[in-house]
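Enquirer: the following block contains a protein sequence and its predicted model.
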Amino acid sequence: MIAREGLPFILIGLALTILAVWMATRFDSKSLLIFGSLFALLTCFTAFFFRDPERQFEMSENIIISPADGKVIGIETAKSHPFLQGDGVKVSIFLNVFDVHVNRVPATGKIDYVKYNPGKFFAAFEEKASELNEQTEIGMTATHGQRIVFKQIAGLIARRIVCKLKEGDSVTAGERFGLIRFGSRTELFLPSNTELRIKVGDRVVGSQSIIGKLPEHSPARPTASMEQSRERL
């Protein structure tokens with residue numbers, strides 16, 4: 001299965017391949033044949049990049065699943081995130097160009113906000129990419145009231161983040177919600193007492209790998225000051 005966002009790139013590559021091969025045959029040109037071969041390889045890679053495999057998993061209560069394929073490159077304390085109402089834990093996942101780039105919702109619940117932030121395009125594995133790169137931040141409340149934040153962060157090559165979520169959406173863990181083109185980073189911000197089941201260096205698979213287990217009890221309801229903080233996000 002191919003993500004539909006990739007179809008324009010694939011069709012353009014296919015058209016260029018056919019044109020180059022036709023011209024190579026028409027004018028008996030080895031150079032054009034080489035170009036046709038290169039376009040064919042590029043088209044095949046593009047189709048591979050935009051692959052969107054079907055995945056199944058058995059969801060357990062309070063489990064957080066990976067929002068993307070990739071490598072865990074960081075686990076650290078997130079200081080005073082306004083939506084989490086205090087400190088949390090940040091999990092960073094780097095996606096190289098060979099990973100599946102379709103993003104998945106990490107938990108079942110309701111979307112509280114979606115905010116796009118334009119920015120730079122540093123290499124996604126660099127820590128400064130977390131704050132400075134183009135990104136979309138999504139805040140959600142899980143089934144039992146736990147608050148979660150997840151981000152799509154563009155990388156060095158990527159120039160287009162696709163996010164289909166909007167405020168008020170009810171979502172199910174594992175469902176597709178967007179993608180990032182050509183190398184990127186995703187991040188999760190979780191309650192500080194989340195029971196993590198991954199470590200730095202692990203490879204994770206979107207909608208299948210378990211990131212951790214959320215605390216059983218939901219936090220207090222948002223106060224007026226919390227709602228004001230959310231508006232500033």
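Expert: Ah, there it is.
Enquirer: quick one: the strands in the chain?
Expert: Residue ranges of the strands in the chain, as given by DSSP state E, are 63-65, 70-81, 86-95, 102-104, 109-117, 135-142, 147-154, 161-163, 170-171, 176-180, 184-191, 195-196, 203-204, 210-213.
Enquirer: could those go into CSV alongside mean pLDDT and distance to Ala3?
Expert: Placement of C-beta: from N, CA and C, glycine included. Output for these, formatted as CSV (pLDDT from 0 to 100; distance: least, C-beta to C-beta, whole Å):
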stretch, mean pLDDT, distance to Ala3
strand 63-65, 94, 19
strand 70-81, 92, 16
strand 86-95, 93, 14
strand 102-104, 94, 6
strand 109-117, 95, 19
strand 135-142, 95, 17
strand 147-154, 94, 14
strand 161-163, 90, 9
strand 170-171, 96, 18
strand 176-180, 91, 6
strand 184-191, 93, 14
strand 195-196, 96, 29
strand 203-204, 96, 19
strand 210-213, 95, 23
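Enquirer: domains for the protein, by residue range?
Expert: Domain assignment for the chain, taken from automatic domain parsing, gives 4-49, 63-215.
Enquirer: of all these, which lies closest to Gln56?
Expert: Gln56 sits nearest to domain 63-215 of all the domains of the chain, at 8.4 Å, using C-beta to C-beta.
Enquirer: run the chain-centre distance for that closest one.
Expert: 6 Å (C-alpha atoms, centre = their mean, to the nearest Å).
Enquirer: what's the span of that domain from first residue to last?
Expert: 9 Å (C-alpha to C-alpha, to the nearest Å).
Enquirer: spatially central residue in this protein, please.
Expert: Of all residues in the chain, the one closest to the mean position by C-alpha atoms, centre = their mean is Asn103, 4.2 Å from it.
Enquirer: who's that residue bridged to?
Expert: With DSSP bridges as the criterion, Asn103 is bridged to Gly178.
Enquirer: Gly206 is in contact with that one, correct?
Expert: Yes. With contact defined as C-beta atoms under 8 Å, Asn103 and Gly206 form a contacting pair (6.9 Å).
Enquirer: one step back: let's have the strands of the chain in TSV, adding distance to Ser29.
Expert: Shown next, in TSV, are the strands of the chain (distance: least, C-beta to C-beta, whole Å):
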stretch	distance to Ser29
strand 63-65	51
strand 70-81	42
strand 86-95	39
strand 102-104	39
strand 109-117	46
strand 135-142	45
strand 147-154	39
strand 161-163	38
strand 170-171	53
strand 176-180	37
strand 184-191	38
strand 195-196	58
strand 203-204	44
strand 210-213	53
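Enquirer: Met1: which of those is closest?
Expert: It is, among those and with distance given as C-beta to C-beta, strand 102-104, at 9.5 Å.
Enquirer: for the closest residue to Asp87 other than its chain neighbours, list the residues it contacts.
Expert: In this structure, Asp87 finds its nearest non-sequential neighbour in Ser192, 5.0 Å apart by C-beta to C-beta, 6 or more residues apart in numbering. Residues in contact with Ser192 (C-beta atoms under 8 Å, 6 or more residues apart in numbering) are Thr77, Gly86, Asp87, Gly88, Val89.
Enquirer: who wins for neighbours among the residues you listed?
Expert: Gly88 (23 neighbours; other C-beta atoms under 10 Å).
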